[in-house]
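**Q** sequence plus predicted model, see below.
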Amino acid sequence: MITGKRPTDVLFQEGLTLHDWVRLHHPHDVSAIIAQSWLAAMEAMMLSAVQAGHAVVDLIDLGIACTQYSPMERPTMMEVCHAIALLKDLSSRRVVMDS
């Protein structure tokens with residue numbers, strides 16, 4: 001969702017996977033990962049670059065964890081739901097503190 005790319009995208013036909021591509025760019029080139037639609041949405045919500053950056057990096061980290069090659073290394077759905085709830089709460093607090 002964050003990348004705007006599908007695992008079947010032409011970019012991933014040479015053995016590179018979406019997971020590998022994101023890890024290749026994360027954390028040093030996060031802007032290459034984020035879909036333009038996400039950037040526009042963040043701008044429309046009037047989030048600062050710092051606020052948006054924190055939220056997106058946290059979601060990318062969660063996405064990387066959820067797509068580990070070994071299912072044993074992936075978080076459970078309960079852990080994912082808990083992580084998303086914490087991210088939502090943390091993002092809300094950042095917006096209030098930055099206001």
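**A** Happy to help now that I have it. Predicted model, so just to flag it, every value in this text is computed and none were measured.
**Q** give me the spatial nearest neighbour of Q36, chain neighbours excluded.
**A** G4 (7.1 Å; Cβ to Cβ, 6 or more residues apart in numbering). All C-beta atoms are positioned from the backbone trio N, CA, C, and that covers glycine.
**Q** report the buried residues of stretch 5-15.
**A** Of all the residues in stretch 5-15, those buried under the rule 16 or more other Cβ atoms under 10 Å are K5, F12.
**Q** now find how far off-centre it is within its chain.
**A** The gap between where stretch 5-15 is centred and where its chain is centred comes out at 18 Å by Cα atoms, centre = their mean, to the nearest Å.
**Q** got it, and stretch 24-43?
**A** Between the mean C-alpha location of stretch 24-43 and the chain-wide mean there is a distance of 8 Å, by Cα atoms, centre = their mean.
**Q** mind listing residues that contact it?
**A** When contacts are defined by Cβ atoms under 8 Å, 6 or more residues apart in numbering, stretch 24-43 is touched by residues 1-5, 22, 52-53, 56-57, 60-61, 64.
**Q** pLDDT-wise, what's the bottom of those residues?
**A** For those, the model is least confident at A52; its pLDDT is 66.
**Q** centre-most residue in the chain?
**A** I60 (2.5 Å; Cα atoms, centre = their mean).
**Q** where's it, which helix or strand?
**A** Here I60 sits within helix 49-66, counting by DSSP states H and E.
**Q** list the buried residues of that helix.
**A** Within helix 49-66, the residues that count as buried by 16+ other Cβ under 10 Å are Q51, A52, H54, A55, V56, D58, L59, I60, L62, G63.
**Q** which residues does C66 contact?
**A** When contacts are counted by Cβ under 8 Å, 6+ apart, C66 touches R74, P75, V80.
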